[in-house]
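Undergrad: A predicted structure for the sequence below; I have some questions about it.
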Amino acid sequence: MIKEFQHNNYKRNYQIALIFSISALLILFVLFPRVQYEKKTFEEVVFDVVELNPEKIPQIIHKEPVFMPSNEVQKVTGETEKQLQITSENLTNDANYTADIHSLGNEDRNISIGLTSLASTEESNPNSIIDLDYSPKQILEVLPQQTEDEGEIKLLLRIGKDGKVKDHVVVLNTTENSTSLKNVLEAVYNSRWQPVSLNGNLKEYRIIKSYQFR
């Protein structure tokens, strides 16, 4: 009888403990509900692929002459390697020049000295001087000394294969001052232009350079 009483007592205690445990769990769920986290969704990246018809793609035509690579351009030093002749040069009596005045088709070339005798082709004379339809890059520009003169000085320059000025022709000088012309010539001969290559050969070329004083 004692054993039966102990068994019933153990069973009752077990049931009571189970009820308390379930009640405690329910209270925890009521007081601390589960937090619902919103899952963020990202829009997929959409790429539009446009197929081009190779026949309709414009072909890029490289026009000669082309510039030499920068690593082949000689380093410019500040020292003058050439004695300058400051006097105005008149080359119209030279066999390489004629006195014809014509336009070279450029806005800045309204006045120029015709050099028709040098219009030889690349095949006949690889060392011929070429006329360019564009302005080569000036890699070093030395500005002339400032003066109080007014006017314009326009020069026809022959640029050598090394980018240095070889000779010049004074096309226009409205300053009427030899000092201004001297300063301009000193600046020109210390400036450097980018060498030009035609068919793999370095070429000399001519350009017009203008200086305006106001």
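TA: Great, that's in hand. Residues are numbered from 1 along each chain as shown.

Undergrad: need phi/psi at the residue nearest to Glu141 when sequence neighbours are not counted.
TA: Once flanking residues are discounted, Glu141 sits nearest to Ser191: 5.2 Å by Cβ to Cβ, 6 or more residues apart in numbering. All C-beta spots, glycine's among them, are computed from the backbone N, C-alpha and C. As for Ser191, its main-chain torsions (degrees, to the nearest 10) stand at phi -90, psi 160.

Undergrad: per-residue confidence for Ser191?
TA: Per-residue pLDDT puts Ser191 at 92.

Undergrad: pull the longest strand from the chain.
TA: strand 201-213 (DSSP state E).

Undergrad: sheet partners, orientation included, of that one?
TA: Here strand 201-213 is paired, per DSSP bridges, with strand 129-131 (parallel), strand 151-159 (antiparallel), strand 196-198 (antiparallel).

Undergrad: hmm, the residue nearest to Glu141 is touching Lys137, no?
TA: No: using Cβ atoms under 8 Å, Ser191 makes no contact with Lys137, being 11.7 Å away.

Undergrad: show me which of the two is the more surrounded one.
TA: Remark: of Ser191 and Lys137, Ser191 carries more neighbours, 20 against 13, as counted by other Cβ atoms under 10 Å.

Undergrad: how near is the more buried one to Glu150?
TA: As judged by Cβ to Cβ, to the nearest Å, Ser191 and Glu150 stand 23 Å apart.

Undergrad: okay, the residue nearest to Glu141 and Gly163: tell me how far apart.
TA: When Ser191 is compared with Gly163 (using Cβ to Cβ), they lie 9 Å apart.

Undergrad: which residue ranges of this structure form strands?
TA: So, for the chain - with DSSP E - the strands run 66-67, 129-131, 138-140, 151-159, 165-173, 192-193, 196-198, 201-213.

Undergrad: where does this protein dip in pLDDT?
TA: Scanning the chain for pLDDT under 70 picks out the ranges 1, 33-37, 52-133.

Undergrad: how is the chain divided into domains?
TA: The chain is divided into the following domains under automatic domain parsing: 1-33, 66-213.

Undergrad: quick one: the helices in the chain, in order.
TA: For the chain, the helices defined by DSSP state H occupy 2-31, 178-190.

Undergrad: need these in JSON lines with mean neighbour count and distance to Phe213, can you?
TA: Putting those into JSON lines (neighbours: other Cβ atoms under 10 Å; distance: least, Cβ to Cβ, whole Å) gives the following:
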{"stretch": "helix 2-31", "mean neighbour count": "10", "distance to Phe213": "92"}
{"stretch": "helix 178-190", "mean neighbour count": "19", "distance to Phe213": "7"}
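
Undergrad: I'm done for today, thanks for sticking with me.
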